[in-house]
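**Student:** what follows is a predicted protein model with its sequence.
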Number of protein chains: 2
Amino acid sequence: MYMDKNYIGGSSYLLVLSLINRKDMYGYEIIKELELLSDDAFKFKEGTLYPILHKFENSGWIESYSKFSDSGKERKYYHITKTGIQQLVQEQEQWDLFKDSVMKVLNGNRYVLD
Amino acid sequence: MYMDKNYIGGSSYLLVLSLINRKDMYGYEIIKELELLSDDAFKFKEGTLYPILHKFENSGWIESYSKFSDSGKERKYYHITKTGIQQLVQEQEQWDLFKDSVMKVLNGNRYVLD
DNA sequence: TTGACATACATAGAATACCGAGGTATATTA
DNA sequence: TAATATACCTCGGTATTCTATGTATGTCAA
C-alpha cells in the first residue's frame, strides 16, 4: 500500500534517532533498516534522509566518523550524543501523545458504505 | 504539552472527515470538537482547517449548506458524501498502516539517560 | 570487458502543508 | 462600552519531502 508522505513528517526524527540509538549506523544502512523493520512501509528517499542527518549533526544530536567497509567503500557512521538521547525521549513522548490523541478522536467511529 | 505541527500532516484529513462522518458540522464546531475529544492536544488553527474543508468540498467528499443558529449567526454546515466515506475508509487504512509501521520500527527500544 | 545494478555520499529545486497574521462581522458578557 | 467568543476567510513565510541529478566505487553476469 502507498504510504502518504505527509504521515512521515513528525515521526521521521523519531524513527531515525531511535535507530541510531541502538547502534552506530550510516545513512544508506538506515534507509535499508527502515524498509526491513517496517515491511517496506517506510522507504526513505536519499533526498529526505541525508538532510535530516546533517540537521541532527548541526543540532549536536549525533556525531559522525568515517570508516571503510571490507569492500573498501567509505561510510559515514553516526553516533548518538547525550543531547540526542534527550531529544529522542522528547520525540517518543510527542509520538505517544499524538497517537493517543488520534485514537481518542477516532474512538467509536463506524464507517458505513451503503 | 506542545504538539509538533508536523505530526498533524497526514492525519488531518482523517480526523476532520471522521468527525463530519458522525454528524453534519460547521468549521468552528470542528475545531472545538477536536480540542474537546483530544484533551486539547489538537488545536487546529483556522488557517489550517478552512482550506482543508474547501479542498474536501472541491474533491466532492463533503457538501455544504447554510444554516442560522438560534442566536442568528450564519453557519456553513458540511455533510459527508458517499465518495467522502470511501475516502475516509482509505484514510483510516493509511493511519493503521502508518501507526503499525512506527510501532514495528520502535519495538524493543530502550532509552537510557545516564 | 562491458553493462547493469547495488552501494554510498551529496544537493538544488518543486511541491505541499501548517501556521501566523490579518481581515470582516455579529453576539454575548462584564 | 469594551472585551471576548463566535464564525467565516485568505495571504505569505517556513519547514519538510520528494524528484532529479551528480559523483564514485564494488559486484556480478552476459
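**Tutor:** Noted; the coordinates are in hand.
**Student:** what does chain A have sitting close to DNA strand C?
**Tutor:** A:6, A:26-29, A:32, A:46-47, A:50-51, A:53-54, A:69, A:71, A:73-76 (Cβ under 7 Å from any atom of the strand). C-beta: built from backbone N, CA, C; applies to glycine.
**Student:** please spell out the PyMOL selection for the buried subset of those.
**Tutor:** What follows is the PyMOL syntax selecting those of those that are buried according to 16 or more other Cβ atoms under 10 Å in any protein chain shown:
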select buried, chain A and resi 6+26+27+50+53
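**Student:** any idea which element the spatially closest residue to A:S12 that is not a sequence neighbour lies in?
**Tutor:** The shortest distance from A:S12 to any non-neighbouring residue, by Cβ to Cβ, 6 or more residues apart in numbering or on different chains, is to A:I52 (6.2 Å). According to DSSP states H and E, A:I52 maps onto helix A:46-58.
**Student:** what about that helix and DNA strand D, any contact?
**Tutor:** Yes: interface with DNA strand D: helix A:46-58 contributes A:46-48, A:51-52, A:55 (Cβ under 7 Å from any atom of the strand).
**Student:** which one of the residues you listed is nearest to B:G60?
**Tutor:** Distance to B:G60 across these (Cβ to Cβ) is lowest for A:T48, with 31.6 Å.
**Student:** confirm for me that the closest one is in contact with A:G9.
**Tutor:** No: contact status for A:T48 versus A:G9: not in contact, 10.2 Å apart, counting by Cβ atoms under 8 Å.
**Student:** can you show me the strands along chain A?
**Tutor:** Taking DSSP state E as the criterion, chain A carries its strands at A:25-26, A:62-68, A:74-80.
**Student:** my read: A:Q94 touches A:Q87, true?
**Tutor:** No: in this structure, A:Q94 is not within contact of A:Q87 by Cβ under 8 Å, at 10.4 Å.
**Student:** circling back: run the chain-centre distance for the helix holding A:I52.
**Tutor:** Helix A:46-58 has its C-alpha centroid displaced from the chain centroid by 11 Å (Cα atoms, centre = their mean, to the nearest Å).
**Student:** enumerate the residues of chain A near DNA strand D.
**Tutor:** Chain A comes close to DNA strand D at residues A:5, A:8-10, A:12, A:44-48, A:51-52, A:55, A:71-73, as judged by Cβ under 7 Å from any atom of the strand.
**Student:** switch to 6 Å and redo it
**Tutor:** Within reach of DNA strand D by Cβ under 6 Å from any atom of the strand, chain A has these residues: A:5, A:8-9, A:12, A:44-48, A:51-52, A:71-73.
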